[in-house]
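>>> coords please:
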Amino acid sequence: MISVIYCTKEDYPSHIEHIKKTCGVKDMEIIQYINKGEALTKFYNKGLEESKNEIVVFCHDDIIFNTKNWGKKLLNHFKNTDFGILGVAGTTSMPSTGKWWEEPQKMMGQVRHSHEGKSWDSIYCPSFGDSILQSIIVDGLFFAIDKSRIKNEFSREFKGFHFYEIDFCISNHLSGVKVGVISNIRITHKSIGMTNEEWEKNRKQFVKKYTYDLPINLIPQIFSKNKNTKLKKNPKVGVIIPTKGNIELLTNCINSLWDNDDYDNMVVYIADTGSSKDEKNKIDKLINGYNKKTDRNRDTRVIEYDYYNFAKINNDVVKNHIDDDTELILFSNNDIKLLNNGISQMVNVFNTKKNTGTVGIRLHFGDGTIQHSGVMAFVDQQHNIRITHHGLGSYFNYHQHTKEVFGNTAAFMMIRKNTFKSLNGFNENYTECFEDVELNIKCLNKNLKNYFLGESVAYHYESQTRKKDPNKLKKESEDYVNRLMPTIINNKKCYNYFSNITALQLRHLIHHKFKEQLT
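Alright, predicted model coming up:
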């Protein structure tokens with residue numbers, strides 16, 4: 001069923017026993033090669049020829065299997081998928097330098113290290129259960145192949161102990177073999193993993209060999225599926241979408257809201273902020289199509305504005321245009337494309353958690369990387385307060401389930417109408433951004449909790465709707481320093497939500513560094 005191949009400097013019977021004890025597969029074969037310094041590729045190709053099983057594991061002799069029955073899990077992965085190469089750590093990007101760690105946000109997997117009495121974890125993304133994340137390479141400390149699916153053997157041109165697995169994976173990837181990373185097999189590597197002169201020589205050789213192929217990037221599949229959500233009640237939801245032109249984006253956005261969720265008690269309000277006459281005609285035609293008497297009424301309305309101010313427009317829609325019986329407000333950008341039944345999942349949070357402030361979902365950029373996995377606050381090395389989005393720019397470093405967070409982006413954010421009004425809506429003094437962050441902070445200050453839903457997912461084709469403002473960064477900085485910072489400093493209950501500092505430490509920092517901003 002499984003053949004395990006490894007090289008060692010001298011006979012290592014205890015490693016054989018460890019593999020047998022942890023593998024959980026009776027019909028297995030272990031091939032140990034004594035290697036006094038020759039290239040690994042010589043022995044690995046020999047192992048491919050001599051091994052009797054289709055599934056072959058290559059591993060170092062300094063690893064410990066922390067997962068029982070790891071062999072059974074491995075067999076299931078190959079049985080239920082079409083992957084040809086699997087490992088426990090890898091990446092979706094190989095830059096032209098051959099140094100894959102230059103883009104850490106594209107790396108994935110988890111490995112525990114142990115060296116000279118110290119242990120630590122290299123965690124490139126959260127665990128993802130029995131799923132497989134597609135990559136272009138995997139680390140050589142442990143990887144497995146299905147011999148019937150690979151196209152190329154190990155290249156003998158790479159001498160020594162470096163880049164052999166990188167070349168093997170890349171050559172097979174370019175030949176159409178699927179490479180992937182798994183997380184349900186845990187391994188400790190009794191090595192620190194360092195580069196040396198041989199590594200650098202092989203890197204240059206690798207870069208020269210693949211000059212016309214590098215860089216290599218893979219956009220992996222976004223995980224999204226409908227969650228089985230049984231709602232106790234269906235409160236009315238008002239969806240507010242500011243827009244200007246870009247009818248195709250708007251159409252995709254609204255279609256995704258209706259088509260990917262069966263939530264019926266919903267009204268969509270298009271806040272048009274300056275579309276052309278032709279564009280307005282297209283919007284009217286779009287709305288007429290939604291509002292025809294069909295088997296499912298799609299109530300969609302337009303409100304026109306002769307200006308654009310995100311906070312002011314959303315506040316006005318809530319105050320003057322939304323139906324009185326609306327209970328929940330969903331703020332949405334027009335460049336959102338919902339991928340599953342996220343609205344029902346968001347509503348379910350309000351149905352089941354009375355102290356809910358805002359609810360947000362996982363948002364991906366058009367290239368598949370994470371745009372939003374919850375707003376997070378932290379203190380940098382210079383003791384400055386920073387705001388960012390968890391997992392920004394990565395593929396898989398996001399919260400996978402429901403998690404209490406500092407806040408959510410109003411690009412797609414739900415809140416109770418009464419809560420929104422009680423907080424006086426968005427602060428209209430902001431000129432560029434951060435009014436949504438302040439709203440989240442106000443929720444925390446009222447002992448409400450903001451929740452992020454990792455299983456609800458949408459694309460966010462950010463900033464495709466408006467022309468680039470050359471003063472954007474300046475305006476953002478002014479909003480941050482003059483408006484958001486005082487809000488953070490003077491709302492002590494949000495201190496508990498900083499990711500890398502305790503509330504007490506933050507109080508001391510603010511008292512000493514920002515005391516002039518304290519009111």
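
>>> Not counting stretch 150-159 itself, show me its contacts.
39-42, 44-45, 48, 84-85, 164, 167-168, 171-172, 175-177, 198, 202, 205-206, 209 (CB atoms under 8 Å, 6 or more residues apart in numbering). (C-beta placed from N, C-alpha, C; glycine too.)

>>> Now do stretch 155-162: distance from first to last residue.
Using CA to CA, to the nearest Å, the end-to-end distance of stretch 155-162 comes out at 12 Å.

>>> May I see the buried residues of that stretch?
Neighbour counts over stretch 155-162 (16 or more other CB atoms under 10 Å) mark S155, F158, K159, G160, F161, H162 as buried.

>>> Out of those, which is nearest to T22?
F161 (24.2 Å; CB to CB).

>>> I'd assumed K42 was in contact with that closest one.
No - applying CB atoms under 8 Å, one finds F161 not in contact with K42, separated by 11.6 Å.

>>> Could you tell me the average pLDDT over the longest strand anywhere in the chain, please?
Scanning the chain for the strand with the most residues, using DSSP state E, yields strand 449-460. Averaging pLDDT along strand 449-460 gives 97.

>>> do stretch 328-346 as well
Stretch 328-346 comes out at a mean pLDDT of 97.

>>> Do me a favour and get the end-to-end distance for it?
Distance between the two ends of stretch 328-346: 10 Å, counting by CA to CA.

>>> so where is the stretch 401-519 of the chain shaky, pLDDT-wise?
463-470, 515-519 (pLDDT under 70).

>>> redo that, cut-off 90
431-433, 462-481, 509-519 (pLDDT under 90).

>>> residue ranges of the helices in it, please?
Here the stretch 401-519 of the chain has its helices, by DSSP state H, counting those that start in this stretch, at 417-422, 435-445, 472-479, 485-489, 503-513.

>>> I'd like those helices as JSON lines, with mean neighbour count and distance to D278 appended.
Output for these, formatted as JSON lines (neighbours: other CB atoms under 10 Å; distance: least, CB to CB, whole Å):
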{"stretch": "helix 417-422", "mean neighbour count": "16", "distance to D278": "34"}
{"stretch": "helix 435-445", "mean neighbour count": "24", "distance to D278": "31"}
{"stretch": "helix 472-479", "mean neighbour count": "14", "distance to D278": "28"}
{"stretch": "helix 485-489", "mean neighbour count": "19", "distance to D278": "41"}
{"stretch": "helix 503-513", "mean neighbour count": "14", "distance to D278": "52"}
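
>>> for those helices, which one sits closest to G98?
The closest of the helices of the stretch 401-519 of the chain to G98 is helix 472-479. By CB to CB, the value is 33.6 Å.

>>> Could you pick out the buried ones from the contacts of stretch 150-159?
39-42, 44-45, 48, 84-85, 164, 167-168, 171-172, 177, 202, 205-206, 209.

>>> Out of those, list just those in helices.
Counting by DSSP state H, the part of these found in helices is 40-42, 44-45, 48, 164, 167-168, 171-172, 202, 205-206, 209.

>>> ok, so of those, who is nearest V138?
Distance to V138, by CB to CB, is smallest for F168 among those, at 9.4 Å.

>>> Would you check how far apart the closest one and K118 are?
31 Å (CB to CB, to the nearest Å).

>>> about what we covered before: the ones in helices among the buried ones among the contacts of stretch 150-159: which two are farthest apart?
L48 and Q205, at 21.9 Å, using CB to CB across those.
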